[in-house]
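Novice: just to be clear, the model below is a prediction. Sequence and coordinates:
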Amino acid sequence: MATDVMDDGSAEPATAPPPGAKGPLVYRQSIFTRVTHWVWAVAMFFLLLSGLQIWNAHPVLYIGQQSGFEFENSILEIGAENTPDGPRGFTTLFGQKFDTTGLLGMSTLNGQPNYVGFPSWATIPSVRDLATGRVVHFFFAWILVATLAVWLLASLVNRHLWRDIILKPRDLRDLPRDIWDHLRFRFEHRRRYSPLQKLAYFIVLVGLFPLIILTGLAMSPGMNAAWPWQIEIFGGRQTARTIHFVAMMGFVIFFVVHVAMVVLAGPLNELRSMVTGWYRVSPGMENDK
Ligand code: HEM
């Protein structure tokens, strides 16, 4: 098919392709990108659910170095209390109290009331078991760190980081139009990521992953002994714990949007690229690197 080169350097079909026309398959994802992606997707699943188990041991978040009866520095608390209507679950966020019976603070396990922060279906193990939760969490934490190290090394060598993740001036210029296209569910299938995709993956890979790992390490007594300055950088142990939790919520939001985008953009094509490496681009986009 004849192509024109657009002013942003990309190739566009000179004439509109016939409806239903398919573009060619192009090699999009290297073996390192694919394997590391699925390893960290599995690791994140276990980290999230075992993390909620650990968090349930003390379902309160604070800002500062310390917590205790003499401090008033909590920003989030999940619990249960007796009320004239019987026991209820509550969540207090920045002083605002909400009744969250059934989900947070008080839920059910095997038909019985269960007085825990996050419900049993959201934790590993599902029953209260801090020791097992910690073993699972730390095991997958090191899997995640090792996987990211492999991803970083491979992405530096095969230039995936520079080519596909780091935003260039052209991406920043095209970003508003790409946001508008996403809002209208208009997706173009190119070899390269769209500016918004690059931004999302950049935030995850260069922002959220390092943040969640460093705040996790800052909570480790062994690391505190070796690098006491690390906990100071995050404003104290309790603030590090709060940042760790907020980063986790960032991942949950990313995950929901990410999977929704995969479904909306064409799940078979998207998943094929993340499993086999091959991606079907829109007609006329085969030369658009
Ligand atoms: C917490 C779990 C997950 C995280 C943190 C995550 C993160 C990411 C990141 C950072 C990338 C870009 C990778 C790179 O280019 O090096 C990516 C790509 C991708 N992810 Fe995930 N992902 C997760 C789960 C999933 C799941 C469950 C699916 C399947 C529905 C999925 C499908 C994909 C696909 C298809 C791509 C390639 C997108 C494209 O080529 O346009 N991801 N993911």
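Specialist: The structure has been received and is ready for your questions. Worth saying up front: this structure is predicted, and the values here are computed from it rather than measured. Numbering: from 1, shown residues only.

Novice: close to the ligand: what parts of the stretch 151-289 of the chain are there?
Specialist: Proximity of the stretch 151-289 of the chain to the ligand (C-beta under 6 Å from any ligand atom) is limited to residues 164, 201, 204-205, 251, 255, 258-259, 262, 270-271, 273-274. Glycine gets a C-beta too; all of them are placed from N, C-alpha and C.

Novice: show me which pair in those is furthest apart.
Specialist: For these, with distances taken as C-beta to C-beta, the pair at the greatest spread is 251 and 273 (21.8 Å).

Novice: compare the two (neighbour count), which wins?
Specialist: With neighbours defined as other C-beta atoms under 10 Å, residue 251 and residue 273 compare such that residue 273 has more, 21 against 17.

Novice: which residue is the nearest non-sequential neighbour of the more buried one?
Specialist: residue 279 (3.7 Å; C-beta to C-beta, 6 or more residues apart in numbering).

Novice: find the centremost residue of the protein, please.
Specialist: Nearest to the geometric centre of the chain sits residue 251, at 2.5 Å (C-alpha atoms, centre = their mean).

Novice: now that residue: closest residue in space, sequence neighbours ignored.
Specialist: Per C-beta to C-beta, 6+ apart, closest to residue 251 is residue 208, 6.1 Å.

Novice: so that neighbour sits against residue 246, correct?
Specialist: No - contact criterion C-beta atoms under 8 Å: residue 208 and residue 246 do not qualify, at 9.9 Å.

Novice: report the buried residues of stretch 116-125.
Specialist: 116-120, 122-124 (16 or more other C-beta atoms under 10 Å).

Novice: list the contacts of it.
Specialist: 46, 49-50, 52-53, 55-56, 59, 78-79, 103-105, 107-109, 114, 126-128, 132-133, 136 (C-beta atoms under 8 Å, 6 or more residues apart in numbering).

Novice: for that stretch, C-alpha coordinates in PDB please.
Specialist: Output of stretch 116-125 as PDB, limited to C-alpha atoms (Å, rounded to 0.1, in the frame of the first residue of the first chain):
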ATOM      1  CA  VAL A 116     -10.300  -7.800  60.000                       C
ATOM      2  CA  GLY A 117      -9.100  -4.700  58.000                       C
ATOM      3  CA  PHE A 118      -9.200  -6.200  54.500                       C
ATOM      4  CA  PRO A 119     -11.600  -9.100  54.000                       C
ATOM      5  CA  SER A 120     -10.300 -12.700  53.800                       C
ATOM      6  CA  TRP A 121     -10.800 -12.900  50.000                       C
ATOM      7  CA  ALA A 122      -8.300 -10.100  49.600                       C
ATOM      8  CA  THR A 123      -5.500 -11.600  51.600                       C
ATOM      9  CA  ILE A 124      -3.000 -14.500  51.400                       C
ATOM     10  CA  PRO A 125      -3.500 -16.600  53.400                       C
END
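
Novice: return the distance of that stretch from the chain's centre.
Specialist: 19 Å (C-alpha atoms, centre = their mean, to the nearest Å).

Novice: which residues in the stretch 101-250 of the chain form strands?
Specialist: Under the criterion DSSP state E, counting those that start in this stretch, the stretch 101-250 of the chain contains strands at 107-109, 112-114.

Novice: noted, bye for now.
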